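Visitor: Mind folding the following:
(2 chains)
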Amino acid sequence: MIPFVAVVSLRNQESHTFRLWIPLFLVWLLLLPLGVLLSPFIFIACLVCRVNPLRGVAVMWQILNALTDTELEVEHRSAGMSFHIL
Amino acid sequence: MSEHRRQILQMLSEGKISANEAERLISAFEEPAATKSPAESPTEKSRPKYLRVQVDSEGEAGQEGPTKVNVRVPMQLLRAGVRLAGLLPAQALYRANHAMQEKGIPIDLTQIKPENLEELVDQLNDLTVDVDQKEAGTKVRVRVFCE
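Guide: Numbers count the residues shown, from 1 in each chain, chains lettered A, B, ... in the order given. Predicted coordinates for the structure are as follows:
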């Protein structure tokens, strides 16, 4: 399943935590019409590069699905930042 | 012959149990082993889901202080990445190879193909890289492993 939400957590040196929930599903909804509009150009680009367009779309879809559960945390002294795709 | 089977056959020969009962007992002992092997083999169970990279840097007192980086990447993402690499035109892969060799990384991307994708990812299962570096008063520890 494609990721729907990303969570960004920021913690400063006074241990105040700021958590931001990013609704990725809205991004996908916005990108969907753009993808449809750009599909002829993507198709032509795939043909020029001799790549099967369907395979290209399938791989991109797999990458999008696999992004779920990706996590990145950085801590420096008592401050920190984390990024989690749900 | 296993100990259980021997005991069952002995009980059968002594007339303590019937042939049908002996058959049922033998099949009951054999069943768990047969059902375990294909689906719940240890390799299948212990198949890792994530590739984790941890970096711990400890600075000296009065310097920048400790820094920790923790990255967790799903194995599925690696698989999809290898598939994407398989889609790239050969010319682009040669250029990428050349650029990496200039940086001292002798990896041939043209050899990464979807056919040997599973083998490549499976090899990562046993991967653990530990790097300890201590120089200029800073201790850096890098761990790469699958979980």
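
Visitor: in the chain, which spans are helices?
Guide: Reading this off chain A. A:24-48, A:53-66 (DSSP state H).

Visitor: nope, chain B please
Guide: Under DSSP H, chain B gives helices at B:3-13, B:19-39, B:42-45, B:75-87, B:90-102, B:117-123.

Visitor: Run through the residues of chain A sitting next to chain B.
Guide: With Cβ under 8 Å from any Cβ of the partner chain as the criterion, chain A comes near chain B at residues A:49-52, A:55-56, A:59-60, A:62-63, A:65-77, A:80. Quick note: C-beta positions are derived from backbone N, CA and C, even for glycine.

Visitor: picking up where we left off before, dump the helices of chain A into JSON lines; add mean pLDDT and mean neighbour count as well.
Guide: Output for the helices of chain A, formatted as JSON lines (pLDDT from 0 to 100; neighbours: other Cβ atoms under 10 Å in any protein chain shown):
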{"stretch": "helix A:24-48", "mean pLDDT": "91", "mean neighbour count": "12"}
{"stretch": "helix A:53-66", "mean pLDDT": "90", "mean neighbour count": "16"}
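
Visitor: Chain B against chain A: which residues are in contact?
Guide: When proximity is defined by Cβ under 8 Å from any Cβ, chain B lies next to chain A at B:49-50, B:64-74, B:76-77, B:79-81, B:83-84, B:87, B:89.

Visitor: need the helix or strand of chain B with the lowest average pLDDT.
Guide: helix B:42-45 (a mean of 50; mean pLDDT, DSSP states H and E).

Visitor: just the helices of chain B: most buried one?
Guide: helix B:75-87 (a mean of 18; mean count of other Cβ atoms under 10 Å in any protein chain shown).

Visitor: what's the average pLDDT for that helix?
Guide: Mean pLDDT, helix B:75-87: 84.

Visitor: and that helix, how far out from the chain's middle?
Guide: From the chain centre to the centre of helix B:75-87 is a distance of 16 Å (Cα atoms, centre = their mean, to the nearest Å).

Visitor: Just list what that helix packs against, helices and strands only.
Guide: Applying 3 or more Cβ pairs under 8 Å, 6 or more residues apart in numbering or on different chains; DSSP states H and E, one finds that helix B:75-87 makes contact with helix A:53-66, strand B:50-58, helix B:117-123.

Visitor: Adding distance to residue A:12, write the ones you listed out as JSON lines.
Guide: Formatted as JSON lines, the helices and strands packed on helix B:75-87 follow (distance: least, Cβ to Cβ, whole Å):
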{"stretch": "helix A:53-66", "distance to residue A:12": "32"}
{"stretch": "strand B:50-58", "distance to residue A:12": "20"}
{"stretch": "helix B:117-123", "distance to residue A:12": "39"}
